[in-house]
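Colleague: What follows is a predicted protein model with its sequence.
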Amino acid sequence: MITILAAIDKQGAIGKDNSIPWKLPSDLRAFSKRTQDGVVIMGRKTWESLPIEYRPLPRRTNIIITSQKDYYAPGAFITDSLEYVLNTVRVISENNVFVIGGAQIYEQAINHPNVTKMIISHVNTTIENPDAYFPNFKDDWVSNARTQLIHDTDDQYAYSELQYCRKTKKD
């Protein structure tokens, strides 16, 4: 199964100045547990936004999508085609596969037929002057599970986690 993982604010923002604009340690712990031993697919900018000590993300196969021909990222696989990865990764990996950003990668992945699930953390804030947004998905996806509002003491904001599946023609 290929799943999109993202955290968005009330307006759909996902980033500002090439970083995540909030601190949600409980969401990061859930991300780490969920993706462990799986495959994570990300764009070059998302890779570069990771702290160096977490590159590559440990205990995961890291795949980076970039158009830069000579890009080098120790410990990660590099390709220029998300389409190719999404069409082949299920064949080469029995592990769960996750698309983890950024905006351009989400834009491509959200409409790909092999991407069948999204888990979105809806952060209870509105970021001022964001520069990266999650694509509009309300017409093609439906929520099928929701968590209670989460707000651990070390989280900057409260958030809810919603799971979505692609609408069928009957929906």
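Modeller: Thanks, I have it.
Colleague: going forward, measure contacts between C-alpha atoms and count neighbours the same way
Modeller: Noted.
Colleague: So for whatever helix or strand Val91 lives in, what gets flagged as buried?
Modeller: Using DSSP states H and E, Val91 sits in helix 82-92. Residues of helix 82-92 classed as buried: 82, 85-86, 89-90 (neighbour count, 16 or more other CA atoms under 10 Å).
Colleague: hmm, who's touching that helix?
Modeller: Helix 82-92 is contacted from outside by 1-2, 65, 97, 105, 108-109, 112, 114-115, using CA atoms under 8 Å, 6 or more residues apart in numbering.
Colleague: List just the nearest of these to Asn129.
Modeller: The nearest member of the contacts of helix 82-92 to Asn129, counting by CA to CA, is Ile105 at 20.9 Å.
Colleague: Would you check how far apart the closest one and Ser49 are?
Modeller: With distances taken as CA to CA, to the nearest Å, Ile105 is found 15 Å from Ser49.
Colleague: Between the two, which is the more surrounded one?
Modeller: Between Ile105 and Ser49, counted using other CA atoms under 10 Å, the more crowded position is Ile105 (22 against 14).
Colleague: what's near enough to touch Phe98?
Modeller: Applying CA under 8 Å, 6+ apart, the residues contacting Phe98 are 2-5, 35, 38-41.
Colleague: What ranges in this structure fall below the confidence cut-off?
Modeller: 92, 169-171 (pLDDT under 70).
Colleague: Compare the contacts of Phe98 and tell me which is most surrounded.
Modeller: Busiest of these [other CA under 10 Å] is Ile41, holding 29 neighbours.
Colleague: Give me the sheet partners of the helix or strand that contains it and which way each runs.
Modeller: Element membership of Ile41, judged by DSSP H and E, is strand 39-43. Strand 39-43 pairs in its sheet with strand 61-65 (parallel), strand 97-99 (parallel), by DSSP bridges.
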